[in-house]
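J.: compute the structure for the input listed below.
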Amino acid sequence: MSSNPRGPEEIQNPEVRTLLDERATRLRGRAEGTVDETVIMVAEFPLGEERYALPLESLRSALPLRLVTPVPLSQPHVIGVLRYQGSVLAALSLAALLGGHGWRQDPAVLLVVERGDGELCALDCEAIPRPLSLPAAAVEAARAQTDGPVVEVPMNNNRQIIHLIDLPRLFARGAGARNVG
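T.: Reported below is the predicted structural model:
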């Protein structure tokens, strides 16, 4: 029994041959014209009129805001508490933590995040975030220009800015942030 696999040169159907040649040309163009760039995956969401993001590796869950139990006489950035996987977490106002940015619509979602110190908390959000990749080089360049908790990463040839939230920096600053959760 002889096996005679056909290679690309042996394809008789001209339409199939043309299709394969076009694919090969596109793939060669990609390999020659682009360099594989390292990316950072983030969860992007609106905050007022701007776009914000959290590193995807810090996001644990998205939950409905209605799960929060208000805490009377709490600090202004504390919305309340909620149960998550057997633990009680602080639910915090992201807008208040960032210095009073306003929402376009009332928050309806809580994002359960790892704060950078091994602890979890929940942050309010207008909508469920969507995954987005940011070029690692652009993120590092933007981080080098600020020591604050929000890094402005330019996108699409500087036409859009993604405000990347550095959670460890956000929760390390200010006495109020250290005592939440």
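J.: how far off centre is stretch 43-51?
T.: When distances are taken as C-alpha atoms, centre = their mean, to the nearest Å, stretch 43-51 is centred 10 Å away from the chain's centroid.
J.: now do stretch 167-174
T.: 18 Å.
J.: list the buried residues for it?
T.: Using 16 or more other C-beta atoms under 10 Å as the test for burial, stretch 167-174 gives 167, 169-171. Where you see a C-beta, it was placed from the backbone N, CA and C, and this is true even at glycine.
J.: just those residues now: which is nearest residue 89?
T.: residue 171 (13.3 Å; C-beta to C-beta).
J.: mind putting the buried residues of stretch 167-174 in TSV, secondary structure, pLDDT and distance to residue 139 included?
T.: Shown next, in TSV, are the buried residues of stretch 167-174 (DSSP: H, G, I helix; E, B strand; the rest coil; pLDDT from 0 to 100; distance: C-beta to C-beta, whole Å):
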residue	secondary structure	pLDDT	distance to residue 139
167	helix	94	14
169	helix	91	14
170	helix	91	16
171	helix	90	19
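J.: residue 168 should be in a helix, yeah?
T.: Yes: Residue 168 forms part of a helix when assessed by DSSP: H, G, I helix; E, B strand; the rest coil.
J.: which ones are touching it?
T.: Residue 168 makes contacts with 115-117, as judged by C-beta atoms under 8 Å, 6 or more residues apart in numbering.
J.: could those residues go into JSON lines alongside secondary structure and neighbour count?
T.: Output for the contacts of residue 168, formatted as JSON lines (DSSP: H, G, I helix; E, B strand; the rest coil; neighbours: other C-beta atoms under 10 Å):
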{"residue": "115", "secondary structure": "coil", "neighbour count": "20"}
{"residue": "116", "secondary structure": "coil", "neighbour count": "15"}
{"residue": "117", "secondary structure": "coil", "neighbour count": "12"}
